[in-house]
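> Sharing a sequence plus its predicted fold:
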Amino acid sequence: MPSPTTILSVFAHRPIDGLLENHASYAARWGYAHEARDSLHVFGDRQAELYKYHAIYGALLALADGGLLLVLDEFSVVYGRQKLEDVAQGHDFVVVSQEPGASLPTSSGMILRNTAEVRERLRLLVFHLSVSVAGDPDTLGKSAGEHLGEAFAVHPLENRLANGYYSSIQAVWDGGGRVAIDQLPKVVPLVAHAAPRWERQHGVWLPTYGYDFRYVSVLLEQARAFEEERPLDLPAQWEQAAQEAQGGARHLNPQAKIAFVSFYDAKVAGYGRIHEDNLARYCQRHGYAHHLYRELPAFVPAGVQANWAKMHLVREHLAQHEQLFWIDADILAINQRLGVEEVLGARDFVIGMDHSAWPANSGLMGFRPGPRMQQFVDHVCAAIEAVPDKSNVYAGGGDQASVLAGMRRFGLENAEHVVDAISLAPAPIYATRDSRFVHFPSQINAYRAEAMRAWDRWSHEQ
């Protein structure tokens, strides 16, 4: 007997832990059918996208006449627990825009009703996609989103449906006035998603630069708390922590052979406190030292602020330990069972490649004290002091540019000292719960705190 309502989970990538269970539990709550499909076996992005729409079409045709289909993907979290019938009331389809003011839609959280008109719209959409994938020159440069927008009228995501519900909301977007992560508990959409936002660059459709998959895990954590009626850790709360931050320093296990050095001030205390507590737990477990500064000490020269001061803090403690690691305040120890005794190996310096366009990332660096390392650190400190514009962490390439220049001068920019972007401190797009450290770079501070809080919870499981 055909199902009256189906929840379709269709994945082009392996979903984060717990996401499929989120989809299935929503279906089970209301007695809906749940079907999971993936295109991991399909070669090519365009072919995988076409497979996805074939799966959607097949699921729609299998419904009872007038039945409802909710399309979820690896970016979609069922956030609210409303009945799909209530959210879809008065609509034969709901396809929302990928961000406010955009004409391009997203398929994340798409709702389709099995009517003759919707079936035919979807059939033509799948056919046009297949022609495009086959190499038709008139449609080759068209994105799946463009095809979707031509098949179904796009509803602005920032507007409620006529029945008062939000069906699907992108959790993070650029610009002001956003209904974002900290607003989701107030508007309670059925689906919250962190799908990549696509834009045309030089005639090619690409996801927005810097797209970050980490927010899916944040949304899942929020949805769990919302369902269980637990208090939510919201960005606004972590921003408030910055106003309450206390300065000074903390020196944990100062006589240990292996040590970490890090710094954060009141401006980033929303996530700095998460880092501090996380690293303290890690260092206590392994007997490491942690030199944590919440304000810059007097030995740091005037004008050397924030990230620009990391090498000066390293220099202060370099000779006190057998191994010293600088660690940015937006890095967490996730798999806390893994120590760092073997990270340096026989080297006197180690650093990881950046996950984007830099040859290395200075967020986590390891040093073995000795004459060469002392000269290297002294050289970089002097170079940083000579930089005329240190007004923000990115000015003139930031401290990282000075570190890289010093690495070249001292013969450290090579495969002996620069490791891959996965093993040392990967960004969440590469990381897993088995990663020793995870780095959360280049994000709005409140959102960074939200993501770090979710991952820090996982670190307690280790």
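Happy to help now that I have it.
> who touches H275 in this structure?
By Cβ atoms under 8 Å, 6 or more residues apart in numbering, H275 lies in contact with 262, 264, 329-332, 452. For every residue, glycine as well, the C-beta is placed using N, CA and C.
> Wait, a helix at it?
Yes - with DSSP: H, G, I helix; E, B strand; the rest coil as the criterion, H275 is located in a helix.
> where's it relative to N253, distance?
Here H275 is placed at a distance of 17 Å from N253 (Cβ to Cβ, to the nearest Å).
> same question, L313
Look at L313 and N253: by Cβ to Cβ, they are 17 Å apart.
> Among these two, which residue is more densely surrounded?
Counted by other Cβ atoms under 10 Å, L313 and N253 do not tie: L313 has more neighbours, with 22 against 17.
> Tell me how many other residues crowd G90.
By other Cβ under 10 Å, the residues close to G90 number 8.
> what are the phi and psi angles of it?
Backbone geometry at G90, expressed as degrees, to the nearest 10, gives phi 90, psi 0.
> Then G366?
Torsion angles, degrees, to the nearest 10, at G366: phi -110, psi 140.
> Count the residues that sit near the spatially closest residue to it that is not a sequence neighbour.
Nearest residue to G366, sequence neighbours excluded (Cβ to Cβ, 6 or more residues apart in numbering): V350, at 4.3 Å. Neighbour count for V350, taken as other Cβ under 10 Å: 22.
> Give the helix, strand or coil label for V350.
Secondary structure, three-state DSSP: V350 is strand.
> So it versus I422, what's the distance?
Applying Cβ to Cβ, the value for V350 to I422 is 14 Å.
> Show residues contacting stretch 86-99.
Here stretch 86-99 makes contact (Cβ under 8 Å, 6+ apart) with 68, 103-107, 109-113, 115, 117-118, 121, 145, 148-149, 152-157, 161-163, 165, 167-170, 173-174, 190, 195, 197-198.
> Can you tell me which of those are buried?
When the contacts of stretch 86-99 are checked for burial by 16 or more other Cβ atoms under 10 Å, the buried set is 68, 104-107, 109-113, 118, 121, 145, 148-149, 152, 154-155, 157, 161, 165, 167-170, 173, 190, 195, 197-198.
> So which of the residues you listed belong to strands?
Counted as lying in strands by DSSP state E, out of the buried ones among the contacts of stretch 86-99, are 68, 110-113, 154-155, 168-170, 198.
> With distance to D456 as added columns, please give these in JSON lines.
Shown next, in JSON lines, are these (distance: Cβ to Cβ, whole Å):
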{"residue": "L68", "distance to D456": "38"}
{"residue": "M110", "distance to D456": "33"}
{"residue": "I111", "distance to D456": "35"}
{"residue": "L112", "distance to D456": "38"}
{"residue": "R113", "distance to D456": "42"}
{"residue": "V154", "distance to D456": "37"}
{"residue": "H155", "distance to D456": "36"}
{"residue": "S168", "distance to D456": "28"}
{"residue": "I169", "distance to D456": "25"}
{"residue": "Q170", "distance to D456": "25"}
{"residue": "W198", "distance to D456": "31"}
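> Of those residues, which is the nearest to A298?
A298 has its nearest neighbour among these in Q170, at 46.2 Å by Cβ to Cβ.
> one step back: out of the contacts of H275, the closest to L20 would be?
Proximity of the contacts of H275 to L20 (Cβ to Cβ) peaks at M452, which lies at 24.2 Å.
> could you say what helices and strands the helix or strand containing that closest one packs with?
Under the criterion DSSP states H and E, the helix or strand holding M452 is helix 445-460. Counting contacts by 3 or more Cβ pairs under 8 Å, 6 or more residues apart in numbering; DSSP states H and E, helix 445-460 is packed against helix 214-227, helix 235-244, helix 269-286, strand 331-333.
> what's the distance between R121 and R337?
Distance, R121 to R337, using Cβ to Cβ: 52 Å.
> before we move on, what about E450?
25 Å.
> Which of those two has more residues huddled nearby?
Between E450 and R337, counting by other Cβ under 10 Å, E450 is the more crowded of the two (33 against 11).
> just checking, next helix/strand downstream of the helix or strand of the chain with the lowest mean pLDDT?
Using mean pLDDT, DSSP states H and E, helix 235-244 stands out as the lowest-scoring helix or strand of the chain, at a mean of 56. Note on helix 235-244: by DSSP H and E, the next helix or strand toward the C-terminus is strand 249-252.
> gap between that next one and the chain center?
Counting by Cα atoms, centre = their mean, to the nearest Å, strand 249-252 is centred 30 Å from the centre of its parent chain.
> residue ranges of the strands in the stretch 1-150 of the chain, please?
3-11, 33-38, 63-72, 76-78, 93-96, 110-113 (DSSP state E, counting those that start in this stretch).
> out of those strands, which comes closest to A280?
Nearest of the strands of the stretch 1-150 of the chain (Cβ to Cβ): strand 76-78, 31.0 Å.
> Neighbouring strands - and their directions - for the closest one?
Sheet pairing for strand 76-78, assigned by DSSP bridges, gives strand 191-193 (antiparallel).
> Show the average pLDDT along the partner strand.
Mean pLDDT, strand 191-193: 94.
> So which bits of it are buried?
191-193.
> is it true that G398 touches N307?
Yes - between G398 and N307 there is a contact under Cβ atoms under 8 Å: 6.2 Å.
> mind giving me the domain ranges of the chain?
Domain assignment for the chain, taken from automatic domain parsing, gives 3-232, 238-460.
> sec struct for the closest residue to K310 other than its chain neighbours, please.
Leaving aside its sequence neighbours, K310 sits nearest to W326 (Cβ to Cβ, 6+ apart; 5.5 Å). Assigned with three-state DSSP, W326 falls in the strand class.
> tell me, how many neighbours does W326 end up with?
Around W326 there are 25 other residues, counting by other Cβ under 10 Å.
> Can you give me the separation between it and V268?
According to Cβ to Cβ, W326 stands 16 Å off from V268.
> and what of A302?
For A302 relative to V268 (Cβ to Cβ), the value is 21 Å.
> the more surrounded of those two?
Neighbour tally, A302 and V268, criterion other Cβ under 10 Å: the higher count belongs to V268, 22 against 8.
> in stretch 338-356, what counts as buried?
Result for stretch 338-356 [16+ other Cβ under 10 Å]: buried residues 338, 340, 343-344, 348-355.
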